[in-house]
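Engineer: Okay, predicted coordinates and the sequence, questions at the end:
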Amino acid sequence: MPPIPGKPGSLTLLNAPPEGARKGRNRVARAPPPRGKPVAGTGFHDFTSGLEPTHVSRAELTISRMRSVRPAKAAAGGAPAPHVPPAGAAFTMAAPMPTAEQASSTSLDLSWVRSQFPSLAQTVNGHPAVFLDGPGGTQVPQRVIDAISDYLAINNANTGGAYQTSRNTDRMIAEARAAMADFLNCDADEIVIGPNMTTLTYAMSRAIGRELVPGDEIVLTLLDHDANFSPWNALEEKGVIIRTVAFNPVDCTLDMQDLVRQITSRTRLIAVGYASNAVGTINNVAEGVRLAKQVGALSYIDAVHYAPHGPIDVRALDCDFLVCSTYKFFGPHMGLLYGKREHLKRFRPYKVRPLTDSIPNCWEWGTLNHECIAGIKACVDYWEELGRRAKPSVSSRRAAVLAAHEAIHPHERTMMEKMIAGLLAIPGLKVYGISDPRRFDNRCATIVVRVEGFTPLELATKLGDRGFFTWDGNYYALNVTEQLDVERTGGFLRIGLVHYNTMEEVERMLAALREVVRA
Ligand SMILES: Cc1ncc(COP(=O)(O)O)c(C=O)c1O
């Protein structure tokens, strides 16, 4: 793919198609296409069939007919204008919004936040749906939905063509890359876009692995998701020695002394997660990067779970690679890899011959999911607007993303404190991971539990029927569930809080769990 020419002022088709293209199209009245089968006489749609049957088998999931809530055009200067629902177009809800509460942080306007996410208005068996499944994938704001469908409606084309929609596609991808570069604090040509973190990690581990020789060592952790374990572990077939770092089973924190022990002069790479998608521990990745550097090894950070909870600064971390997935932080199902420019240039990707040798495109195989890339840009726009609302004085997109994190952090923290305190008070319930509030800086609001007498699946199903979306199992953090000896008995029940959740939801979840456990 040729380098993408920046043509200021020629972006109109992406965000606002020419008048002709819009004519006759009532944008506001256009409801999203129904995704479930109609429920007779209700105007609602039954979503039961689209759900994992064992988890919500008896649930009748309905959604109100939502109208499109579209972002206003970008203001001059590139900053997105506030996302204002057009008059009369605010979506109606099948049930009252669970809360009108403000977040505990004065700068987070939770009502505005929730108004951005149409899916939060769904009900299950008459109960408002409570999305505690963020660690498996978060909901998306309306602007992400619109960006995806607008791309398909208006600009659907392959890249590198000598015509308008193809050029618009090139520009849109460049914009998404630049947006993600601001999100992670790097340059746009250091952002590789791919289908998901796992695929990107397999690709990069193959490329790095082809330069390793028998006896070289890679250090992995037992706290990591398997996507940051198995791709590296597979290099054993080349004679690479895999060393693993233990975690403390009492509080589920990484054993940093063991990390030091596992690093030798033969270490070539250290792969470590920023935060555990199972027990919520935030790892000291900066120390991991520092230790890797001491022996000239590469550092590969899995930030998939951390990204919705805390700011990422790859420059400050000085890591060599960092991966994340946009569907975990309010974007579409896509993955991203940051690689230091020197590494993206030096390592040789496996690739087809006609594909360019220039970075980052040489790492992007085949045709990408362009519509979702449009959604990635809209996702960063959401973060930016969240930050600008919280701190109107910010002067750049990066500063706005940081302000957004500042605003959501206290809210997540307060919800986590309440949730963990409430869980600990339930007889027969065990919380895994850090449960002492004084150490909550070292964890995020992802909480796993077991309750005596119940399998995690039983709990998740009963909660699911009441409208609480939690997960059961190992979430691919297989080493964690094996080490803690819960793999054979169904893993954990996982409750994940993100900034669109509310204190009222936390209270209702605790009440529902108490009821389930008592019954
Ligand atoms: C911590 C962590 N790493 C990696 C992954 C894999 O991400 P993807 O689905 O984008 O391959 C996940 C997915 O849940 C995850 O939570």
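Structural biologist: It's in.
Engineer: got the domain boundaries for this structure?
Structural biologist: As assigned by automatic domain parsing, the chain contains the domains 152-379, 409-518.
Engineer: Could you check the ones you listed and tell me which one is nearest residue 121?
Structural biologist: Between residue 121 and the domains of the chain, the tightest spacing by C-beta to C-beta is seen for domain 409-518, at 11.6 Å. Any C-beta I mention is one placed from the backbone N, CA and C, and that applies to glycine too.
Engineer: Show the end-to-end separation of that closest one, please.
Structural biologist: One end of domain 409-518 sits 33 Å from the other (C-alpha to C-alpha, to the nearest Å).
Engineer: Make sure residue 212 is indeed in a strand.
Structural biologist: No: with DSSP: H, G, I helix; E, B strand; the rest coil as the criterion, residue 212 is coil rather than part of a strand.
Engineer: Would you check that it makes contact with residue 242?
Structural biologist: No: Residue 212 is beyond contact range of residue 242, at 11.4 Å (criterion: C-beta atoms under 8 Å).
Engineer: Could you pull out the residues contacting both of the two?
Structural biologist: 218, 235 (C-beta atoms under 8 Å, 6 or more residues apart in numbering).
Engineer: of the two, who's got more company?
Structural biologist: Remark: of residue 212 and residue 242, residue 212 carries more neighbours, 18 against 15, as counted by other C-beta atoms under 10 Å.
Engineer: residues touching the more buried one, list them.
Structural biologist: Residues near residue 212 by C-beta under 8 Å, 6+ apart: 218, 235, 238, 240, 268.
Engineer: Output those of those also counted as contacts of the ligand.
Structural biologist: Contacts with the ligand are made by none of those, judged by C-beta under 6 Å from any ligand atom.
Engineer: Who are the contact partners of residue 447?
Structural biologist: 280, 416, 419, 420, 423, 431, 433, 494, 495, 496, 497.
Engineer: By neighbours, which of those wins?
Structural biologist: Ranking the contacts of residue 447 using other C-beta under 10 Å puts residue 495 first, with 32 neighbours.
Engineer: Residue 413 versus that one, what's the distance?
Structural biologist: Relative to residue 413, residue 495 is positioned 15 Å away (C-beta to C-beta, to the nearest Å).
Engineer: how about the domains of the chain, which one is nearest residue 127?
Structural biologist: domain 409-518 (3.2 Å).
Engineer: Am I right that residue 395 falls within a helix?
Structural biologist: No: counting by three-state DSSP, residue 395 falls outside a helix, being coil.
Engineer: Among the contacts of residue 212, name the ones in strands.
Structural biologist: In strands, judged by DSSP state E, the following of these are found: 218, 268.
Engineer: And the buried ones among the contacts of residue 212, selectable in ChimeraX?
Structural biologist: Here is the ChimeraX selection string for the buried members of these, based on 16 or more other C-beta atoms under 10 Å:
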select :218,235,240,268
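Engineer: how about the strands in the stretch 51-200 of the chain?
Structural biologist: For the stretch 51-200 of the chain, the strands defined by DSSP state E, counting those that start in this stretch occupy 61-62, 123-124, 127-128, 130-131, 191-194.
Engineer: what pairs with the second one, and is each one parallel or antiparallel?
Structural biologist: The one in question is strand 123-124. Sheet partners assigned to strand 123-124 using DSSP bridges are listed as strand 61-62 (antiparallel), strand 127-128 (antiparallel).
Engineer: do the longest one as well
Structural biologist: Take DSSP bridges as the rule and strand 191-194 pairs in its sheet with strand 335-339 (antiparallel).
Engineer: Check which helix or strand the nearest residue to residue 222 once chain neighbours are set aside maps to.
Structural biologist: Leaving aside its chain neighbours, residue 222 sits nearest to residue 479 (4.1 Å; criterion: C-beta to C-beta, 6 or more residues apart in numbering). In this structure, residue 479 sits in helix 478-483 according to DSSP states H and E.
Engineer: quick one: is that helix near the ligand?
Structural biologist: No: using C-beta under 6 Å from any ligand atom, helix 478-483 never reaches the ligand; the gap is at least 10.7 Å.
Engineer: Just the buried residues of that helix, please?
Structural biologist: Neighbour-count burial for helix 478-483, counted by 16+ other C-beta under 10 Å, picks out 478, 479, 480, 481, 483.
Engineer: The ligand contacts on the stretch 201-350 of the chain?
Structural biologist: Close to the ligand, as judged by C-beta under 6 Å from any ligand atom, the stretch 201-350 of the chain has residues 225, 227, 228, 273, 277, 302, 304, 305, 325, 335.
Engineer: a markdown table for the residues you listed, including secondary structure and pLDDT?
Structural biologist: A markdown table is the format used below for those (DSSP: H, G, I helix; E, B strand; the rest coil; pLDDT from 0 to 100):
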| residue | secondary structure | pLDDT |
| --- | --- | --- |
| 225 | coil | 98 |
| 227 | helix | 98 |
| 228 | helix | 98 |
| 273 | strand | 98 |
| 277 | coil | 98 |
| 302 | strand | 98 |
| 304 | coil | 98 |
| 305 | coil | 98 |
| 325 | strand | 98 |
| 335 | strand | 98 |
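Engineer: any idea where the strands of the stretch 301-450 of the chain begin and end?
Structural biologist: Assigned by DSSP E, counting those that start in this stretch, the stretch 301-450 of the chain shows strands spanning 321-325, 335-339, 429-432, 446-451.
Engineer: List the residues that contact residue 419.
Structural biologist: By C-beta under 8 Å, 6+ apart, the contact set of residue 419 is 445, 447, 495, 497, 506, 509, 510.
Engineer: out of those, which are inside helices?
Structural biologist: Among the contacts of residue 419, the members falling in helices (DSSP state H) are 506, 509, 510.
Engineer: Tabulate those in CSV, adding columns for pLDDT, distance to the ligand and neighbour count.
Structural biologist: Shown next, in CSV, are the ones in helices among the contacts of residue 419 (pLDDT from 0 to 100; distance: C-beta to the nearest ligand atom, whole Å; neighbours: other C-beta atoms under 10 Å):
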residue, pLDDT, distance to the ligand, neighbour count
506, 98, 22, 23
509, 98, 21, 24
510, 98, 25, 18
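Engineer: Which residue, other than its chain neighbours, is closest to residue 269?
Structural biologist: Spatial nearest neighbour of residue 269, chain neighbours left out: residue 298 (4.5 Å); criterion: C-beta to C-beta, 6+ apart.
Engineer: Revised request: answer the last question for residue 377.
Structural biologist: Leaving aside its sequence neighbours, residue 377 sits nearest to residue 176 (C-beta to C-beta, 6+ apart; 4.2 Å).
Engineer: residue nearest the centroid of this protein?
Structural biologist: residue 328 (1.3 Å; C-alpha atoms, centre = their mean).
Engineer: so what's that one up against?
Structural biologist: Applying C-beta under 8 Å, 6+ apart, the residues contacting residue 328 are 134, 135, 137, 138, 304, 305, 307, 308.
Engineer: circling back to that earlier point, so for residue 397, which of the domains of the chain sits nearest?
Structural biologist: Per C-beta to C-beta, nearest to residue 397 of the domains of the chain: domain 152-379, 4.5 Å.
Engineer: Burial check on residue 404, number of neighbours?
Structural biologist: Neighbour tally, residue 404, other C-beta under 10 Å: 25.
Engineer: ok now do the closest residue to it other than its chain neighbours, which residues does it touch?
Structural biologist: Nearest non-adjacent residue to residue 404, counting by C-beta to C-beta, 6+ apart: residue 387, 3.6 Å away. By C-beta under 8 Å, 6+ apart, the contact set of residue 387 is 394, 399, 400, 401, 402, 403, 404, 405, 407.
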